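**Student:** Here you go, sequence then predicted model.
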Amino acid sequence: MRNSRESSSFPMFSKLSLHLFYPKRQWIRALFYLCIIMYVGLCYVSRKHLLPLARMLTNNKTIREVDNEHLKFTCIWSVVDRREKCKPRCGHGYFGLYGMTKCQPWLSCEEIDQLKMRGGIGHHGYVKEIWRSHWNTFPVVVKKLRRNDIAGIVGKDGYFKGIDLMKNFFQPSVLLQLVGHCNDVIVTEVHPLLDAQDIENRWKEYPTYNTVSTRLGMCITYVDILKVLQSGTDGKIYVQCDAPSLNKLTQQFLITEDFRLVLSDVDSIETILLNGTNRRLIKCTDWGELHGHFSAPEQLWPYNESFQADKMPLYDEKIEIWKIPDVCLFFLGEDPSAFLVKRSLKNIHKQCKNQDPRKRPSAEEVLQVYIRVLRDVVGTTMNVTLYSSQQDN
């Protein structure tokens, strides 16, 4: 009777589990075990991609700020190192690299002379040479003016003007961080993903992050940088003149380790001075006469006679707005998954391409549309950390 009661009280789910884990036919059993092994193997192989992706998706921001007594730190999730990295946020005349616990004064000439060059990095500039180096075990980049090259001689004034901008810009987070300078040598932080021209190669190296939200996020950071440059907070509006083509423009921006952008080449930045409602307009003539559809209409030579730089009409920052659609479509790429995003941006992009620069939207207006599309069309739950919302010390 006891055995009978035990048999009748045997849970039904236990019988079911016996059928699942011990099927009668051998081929079914072998197939079942093979599926389990493949599942465990897939989880093991993909764990290094899934974990950082989950970290990015669960974080509200790709950039995190940490307060430690009187010092603030900026922390990111690095796709290169697959871990969180932090660096101190420093005031004017100081720098902070990832892994540092405190800010350091800009490197002096004596310290820069001790740096050892360890090979070229990325695309060498037309005006400058670019080298790898280390300072106190921290990787840095050293840039030198091409002294014995005609390009260096011609671009010298812009090169030194770029150094002054990196030293004095009111919100340096949008620019490549300066580590030190001495005469015609500058030292900056490193961004191992290199410039935005090679973005498609970066997607191949880090396919987990090749998503519509990440691609649109790069459009957002690009327009956010324009917003900061054109805000006029310090009485000036900054316009990038070294961008006669899409290829050349994307070389001016570096990709950060959390797939954002930072402006790296400021040698050809022109300044619109603000004086109340008055503006001192600009013209970008370093490249001579411009052609094609990438440059804004007002940048093209309007007369039938031969081009003369001194007779070129002046214009303002709206030449940058004209280029936004081309840049964003470049970041979005040709993947079919971006179709809905492109369609949602069609109206604002049409406004950017208005022949009348006065009727083009501001960078702020474009930025708000991009953020809304990221939320409503892409459906991401991540908040966007904007350079323009950060308060640098």
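**Tutor:** That came in fine, so what should we check first?
**Student:** element containing Val228?
**Tutor:** helix 212-229 (DSSP states H and E).
**Student:** Next SSE downstream of that helix?
**Tutor:** Next in sequence after helix 212-229, counting helices and strands by DSSP H and E, comes strand 236-240.
**Student:** Run through who's touching the next helix or strand along the chain from that next one.
**Tutor:** The first helix or strand that comes after strand 236-240 along the chain, using DSSP H and E, is helix 246-250. By CB atoms under 8 Å, 6 or more residues apart in numbering, the residues outside helix 246-250 that reach it are 195-197, 199, 240, 242-243, 294, 323, 326-327, 330. Every C-beta, even on glycine, is put in place using the N, C-alpha and C of the backbone.
**Student:** Turn these into a markdown table, including neighbour count and secondary structure.
**Tutor:** Compiled in a markdown table, these are given as follows (neighbours: other CB atoms under 10 Å; DSSP: H, G, I helix; E, B strand; the rest coil):
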| residue | neighbour count | secondary structure |
| --- | --- | --- |
| Asp195 | 18 | strand |
| Ala196 | 22 | helix |
| Gln197 | 19 | helix |
| Ile199 | 21 | helix |
| Gln240 | 24 | strand |
| Asp242 | 22 | coil |
| Ala243 | 23 | coil |
| Phe294 | 18 | coil |
| Lys323 | 21 | helix |
| Asp326 | 17 | helix |
| Val327 | 23 | helix |
| Phe330 | 20 | helix |
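**Student:** of all these, which comes closest to Met38?
**Tutor:** Ile199 (33.4 Å; CB to CB).
**Student:** What residue spans form the domains of the chain?
**Tutor:** 56-103, 106-190, 194-393 (automatic domain parsing).
**Student:** quick one: which of those is nearest Leu34?
**Tutor:** The nearest among the domains of the chain, by CB to CB, is domain 194-393 at 26.3 Å.
**Student:** Off-centre distance for the closest one?
**Tutor:** Distance of domain 194-393 from its chain centroid, counting by CA atoms, centre = their mean, to the nearest Å, is 12 Å.
**Student:** and Arg360, how far is that from Lys353?
**Tutor:** 8 Å (CB to CB, to the nearest Å).
**Student:** Now the common contact residues for those two.
**Tutor:** Between them, Arg360 and Lys353 share the contacting residues Trp322, judged by CB under 8 Å, 6+ apart.
**Student:** ok, back up a step: adding distance to Cys35, write the domains of the chain out as TSV.
**Tutor:** What follows is those, written out as TSV (distance: least, CB to CB, whole Å):
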stretch	distance to Cys35
domain 56-103	27
domain 106-190	45
domain 194-393	24
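**Student:** Mind checking those for the one nearest to Leu31?
**Tutor:** domain 194-393 (29.8 Å).
**Student:** Shouldn't Leu374 be within a helix?
**Tutor:** Yes: checked against DSSP: H, G, I helix; E, B strand; the rest coil, Leu374 lies within a helix.
**Student:** Could you find the closest non-adjacent residue to it?
**Tutor:** With sequence-adjacent residues excluded and distances taken as CB to CB, 6 or more residues apart in numbering, Leu374 is closest to Leu216, at 5.4 Å.
**Student:** repeat for Gly333
**Tutor:** Arg215 (6.4 Å).
**Student:** low pLDDT regions in the stretch 201-350 of the chain?
**Tutor:** 276-277 (pLDDT under 70).
**Student:** on contacts alone, who are the packing partners of the strand or helix carrying Lys350?
**Tutor:** Using DSSP H and E, Lys350 maps to helix 346-352. Helix 346-352 is packed against helix 318-332, helix 363-373, with contacts defined by 3 or more CB pairs under 8 Å, 6 or more residues apart in numbering; DSSP states H and E.
**Student:** Can you pick out the residue with more neighbours from Arg360 and Lys353?
**Tutor:** Just comparing Arg360 and Lys353: by other CB atoms under 10 Å the higher neighbour count belongs to Arg360, 22 against 16.
**Student:** confidence score at that one?
**Tutor:** What the model reports as pLDDT for Arg360 is 98.
**Student:** for the one 5 residues further on, same thing?
**Tutor:** According to the per-residue confidence, Glu365 scores 98 in pLDDT.
**Student:** Distance of Asn304 relative to Arg215?
**Tutor:** From Asn304 to Arg215 the distance is 42 Å (CB to CB).
**Student:** Between the two, tell me which one has more neighbours.
**Tutor:** Using other CB under 10 Å, the more surrounded residue of Asn304 and Arg215 is Arg215, with 24 against 5.
**Student:** if we can go back for a sec, for the helix holding Val228, packing partners?
**Tutor:** Using 3+ CB pairs under 8 Å, 6+ apart, helix 212-229 sits against strand 236-240, strand 253-255, strand 261-263, helix 318-332, helix 363-373.
**Student:** any chance of those in a markdown table, with distance to Lys227 too?
**Tutor:** Shown next, in a markdown table, are the helices and strands packed on helix 212-229 (distance: least, CB to CB, whole Å):
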| stretch | distance to Lys227 |
| --- | --- |
| strand 236-240 | 11 |
| strand 253-255 | 15 |
| strand 261-263 | 12 |
| helix 318-332 | 10 |
| helix 363-373 | 4 |
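**Student:** Among the contacts of helix 246-250, give me the pair with the biggest separation.
**Tutor:** It's Ile199 and Asp242 that sit farthest apart of the contacts of helix 246-250, by CB to CB, at 18.8 Å.
**Student:** any chance of the helices and strands packed on helix 346-352 in a markdown table, plus distance to Leu34?
**Tutor:** Shown next, in a markdown table, are these (distance: least, CB to CB, whole Å):
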| stretch | distance to Leu34 |
| --- | --- |
| helix 318-332 | 40 |
| helix 363-373 | 44 |
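**Student:** so of those helices, which one's packed in deepest?
**Tutor:** When those are scored by mean count of other CB atoms under 10 Å, the highest mean neighbour count falls to helix 318-332 (a mean of 21).
**Student:** Next, the angle strand 236-240 makes with it.
**Tutor:** Angle of helix 318-332 versus strand 236-240, following axes from the mean of the first three to the mean of the last three CA atoms, to 10 degrees, is 50 degrees.
**Student:** for helix 318-332, packing partners?
**Tutor:** Counting by 3+ CB pairs under 8 Å, 6+ apart, helix 318-332 packs on helix 212-229, strand 236-240, helix 246-250, helix 339-344, helix 346-352, helix 363-373.
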